[in-house]
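Below is the structure, and that's it, no one-letter string:
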Ligand SMILES: [Cu+2]
C-alpha cells in the first residue's frame, strides 16, 4: 500500500515536470517565430519580388519574367508566349531602359564584379548571365533558373539598384563562352525590371 503511494506520487511529479517543460519549449518557439517575422519585415527588400514584361521592337508582348529571392540569389521564371521559334540567349543588362527598336539603351550585360561573359568562360561569368530559353513553333517556352550572383536587396548586385536593370532576349543562342554576349545576336525583346 505504501509502496503503491510512492510510485503514484513520483509518477505525478514526473508528469507535471514533463508538462511544464513542454509549455516552456512552446513559448520559446512562439517567441522565435515572432522574432523571425519581425526581422524579415524590417529587412531592406528581403521579401522583394520583381517582374519584367518582355516587348519586341514594335511594343508587342513577347513574354514575362518574374523574380524572387532564393537561397541567397534570385530565382527567375521566364515565360515566353510570342517569341520567334528557336533557342534564345537571355540576360540581365545593366540599365533599366528598353528603347525600341534596338534596345541599345539597356547597355551591356550587368556585371558589377567586372568578369567576362559566359558560364563556360574561365574569365566569366557576368552576374547577369542566364541559361538559354527555347521557344517552340507557337512561340511558347519557359525557363526556371536560380542565379546565385544577383539579389533583390540593396546590394551592388541588385536587380533593383539605382538606375535599374533590364532583361533582354536575343535572336539566337548564347554559346556561354564568347565575350561580351555569347554570339547571341540582335536584341529582339526587352523588359525593365520593376519591383512587384
Ligand atoms: Cu544580352
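Everything's here; your move. All of these numbers come straight from a predicted model, not from anything done at the bench. Numbers count the residues shown, from 1 in each chain.

Sheet-wise, list the partners of the longest strand along the chain with their directions.
Longest strand of the chain, by residue count under DSSP state E: strand 61-70. Paired neighbours of strand 61-70 in the sheet (DSSP bridges): strand 50-56 (antiparallel), strand 73-80 (antiparallel).

so can I have JSON lines of those strands showing mean neighbour count and mean pLDDT?
For the C-beta atoms, the positions are set from N, CA and C on the backbone; glycine is no exception. Shown next, in JSON lines, are those (neighbours: other Cβ atoms under 10 Å; pLDDT from 0 to 100):
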{"stretch": "strand 50-56", "mean neighbour count": "21", "mean pLDDT": "97"}
{"stretch": "strand 73-80", "mean neighbour count": "20", "mean pLDDT": "96"}
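
for residue 121, what are its contacts?
Residues counted as contacts of residue 121 (Cβ atoms under 8 Å, 6 or more residues apart in numbering) are 176, 177, 178, 179.

and the protein, which residues reach the ion?
Contacts of the chain with the ion, taken as Cβ under 5 Å from the ion, map to 91, 168.

In ChimeraX, how would I select just the buried ones from the contacts of residue 121?
Here is the ChimeraX command that picks out the buried ones among the contacts of residue 121, judged by 16 or more other Cβ atoms under 10 Å:
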select :176,177,178
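
Break this protein down into its domains, please.
Following automatic domain parsing, the chain resolves into domains at 2-41, 50-195.

Just say which of these is most tucked in.
domain 50-195 (a mean of 19; mean count of other Cβ atoms under 10 Å).

rank the domains of the chain by pLDDT, which is bottom?
Mean pLDDT is lowest for domain 2-41 out of those, coming in at a mean of 40.

How about residue 188, nearest residue that isn't a chain neighbour?
The shortest distance from residue 188 to any non-neighbouring residue, by Cβ to Cβ, 6 or more residues apart in numbering, is to residue 171 (5.1 Å).

Spit out the contact partners of residue 144.
75, 76, 77, 78.

element containing the nearest residue to the first one once chain neighbours are set aside?
In this case it means residue 75. Using Cβ to Cβ, 6+ apart and skipping the chain neighbours, the partner closest in space to residue 75 is residue 146 (4.7 Å). Assigned by DSSP states H and E, residue 146 belongs to strand 141-147.

between that strand and strand 73-80, how big is the angle?
170 degrees (axes from the mean of the first three to the mean of the last three Cα atoms, to 10 degrees).

partner strands of strand 141-147, parallel or antiparallel?
strand 73-80 (antiparallel).

How much space separates the residue nearest to residue 75 from the ion?
Look at residue 146 and the ion: by Cβ to the ion, to the nearest Å, they are 19 Å apart.
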